[in-house]
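Asker: Here is the input, now give the coordinates:
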Amino acid sequence: MSTSPIGPAAARRHTLVVGQAGGPTPVINSSLAGVIRAAQAAGFRRILGLRYGVRGLLAGDYHDLSALTPADLAALRATPSSALGACRLKLDAAQVAAGFAALQALDAGAFIYIGGNDSADTAHRLAAAAAAAGDPLRVLAVPKTMDNDLPATDHCPGYGSVARYVATATLETTLDTRAMPETYPVKILEVAGRYAGWIAAAAALARTVDPTTPHLIYVPERPFILDSFLADVRAVLAREGHCIIVISENLNGPDGQRLETGPARFVDPFGHAYYPGPADMLCQELLQRGIRARFDKPGTLQRMAGALISPVDQDEAERCGAAAVQAASAGATDQMVALRRVAGPIYHCDTSLVPLSAIANTERLLPDAFLAAAGNDITAAFVDYALPLIGGPLPAYFQWAPGSGVPTPDPRPLTPIR
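Answerer: Numbering: from 1, shown residues only. Predicted structure coming up:
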């Protein structure tokens, strides 16, 4: 099914439908621009962009993108977030049937869905519906997730830009903390990452500019033990006078269960619960022990930072979008475009195809080789992996030389909260 030549019925279909789904990223529109540009080159006479993903498919809500000019596509390529609007909607059997019928009514020869794990499930089910009906519709997925947790691809478009953002934020929050260490000697930066710690790990890239920061990194792949955390912080404070910590928005306790931070704020249609992050709780734990601490949470700013888009990420996102159209035109279906790193001294990734069944509802965690044995840091192997993705050096901010009289924090502790 995935490599059969496109049949006569599909050849008569000149409509391509494209949608965006899941959390936006800084480069998801680069993939959309790649889809549109490739579809125009492939001869699709009509290119329809769904409003709010498959919600737009079910509602008949879409934009005609066929006449977008090269100037339009250049502007789209450089715009963060989802220009078409996105959704998180888990289709039931009736909605799969309705979505497939809507694609047939649009005379679609190809459907391209730009998204992550859950979007791969949606695309896979629509491809299965077409196959069961003997319909020549070709369904391809384009990877998109800043979480970098899709299997079968070296990395995901969106991750390189978010990694650049987090590494830069780590450098800047370090400067802020060093400026007034007597006020808040401990700073916690809480970043995205529901089950996997790829985004928090990116903070380690800050060490390519400042080898001293961050001091500690905690991710869901390693058990979080409060007593060990407190000992880690005290050790850093005794040595450095301040402590920069980066954590994922979810951490797991010694029992493997989510660290308790309060009830879920909501549950999305795919069953993912969203809880308060642990940063506030950890600051309170430190304050109760007389250690001043505060936290920063970039939240959705991580996925909207157009000024910190990685050019490597942008280029790869666009190439993945174009590759999906080219694959559909060649007859492929029920596949996702993947990035495959080419061995050699100069970083480069080619595109390939992987079955959607290998992607849907599956998550890739940080491998052990990227995790320090102590559970509070990231290894040099991760830095080697991730550094090419951020598109060049980080800002080289001024730093005082060691021993140059940088002020040390006030050693007087707070009175513990009783």
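Asker: Got the domain ranges for this protein?
Answerer: Annotated domains of the chain cover 8-146+309-358, 161-191+193-248+250-296+365-390 [automatic domain parsing].
Asker: Tell me which of the ones you listed sits most buried.
Answerer: Mean neighbour count (mean count of other CB atoms under 10 Å) peaks for domain 8-146+309-358 among those, with a mean of 21. Bear in mind the C-beta positions are built from the backbone N, C-alpha and C, glycine included.
Asker: Does T79 fall in a helix, a strand, or a coil region?
Answerer: coil (DSSP: H, G, I helix; E, B strand; the rest coil).
Asker: State the phi and psi torsions of it.
Answerer: With angles defined as degrees, to the nearest 10, T79 sits at phi -100, psi 120.
Asker: Lowest average pLDDT across the domains of the chain?
Answerer: Least confidently modelled of the domains of the chain is domain 161-191+193-248+250-296+365-390, at a mean of 92 by mean pLDDT.
Asker: where does it sit relative to the chain's centre, distance-wise?
Answerer: Relative to its chain's centre, domain 161-191+193-248+250-296+365-390 lies at 17 Å (CA atoms, centre = their mean, to the nearest Å).
Asker: who does the top helix by length along the chain touch, helix- and strand-wise?
Answerer: Counting residues, the longest helix in the chain under DSSP state H turns out to be helix 159-179. For helix 159-179, the packing partners by 3 or more CB pairs under 8 Å, 6 or more residues apart in numbering; DSSP states H and E come out as strand 186-191, helix 198-201, strand 243-248, helix 311-329.
Asker: possible to save the domains of the chain as CSV with distance to W400?
Answerer: Formatted as CSV, the domains of the chain follow (distance: least, CB to CB, whole Å):
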stretch, distance to W400
domain 8-146+309-358, 29
domain 161-191+193-248+250-296+365-390, 9
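Asker: Show me where the stretch 51-200 of the chain has its helices.
Answerer: 54-59, 70-77, 93-105, 117-132, 159-179, 198-201 (DSSP state H, counting those that start in this stretch).
Asker: Output the ones you listed in TSV; the columns should cover distance to V383.
Answerer: Converted to TSV, these look like this (distance: least, CB to CB, whole Å):
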stretch	distance to V383
helix 54-59	38
helix 70-77	28
helix 93-105	42
helix 117-132	26
helix 159-179	10
helix 198-201	9
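Asker: For E316, which of the ones you listed is the nearest?
Answerer: helix 159-179 (7.5 Å; CB to CB).
Asker: Next, the angle strand 243-248 makes with that closest one.
Answerer: Counting by axes from the mean of the first three to the mean of the last three CA atoms, to 10 degrees, helix 159-179 lies at 150 degrees to strand 243-248.
Asker: Helix 159-179: how far from the chain's middle?
Answerer: How far helix 159-179 lies from its chain's middle: 17 Å, per CA atoms, centre = their mean.
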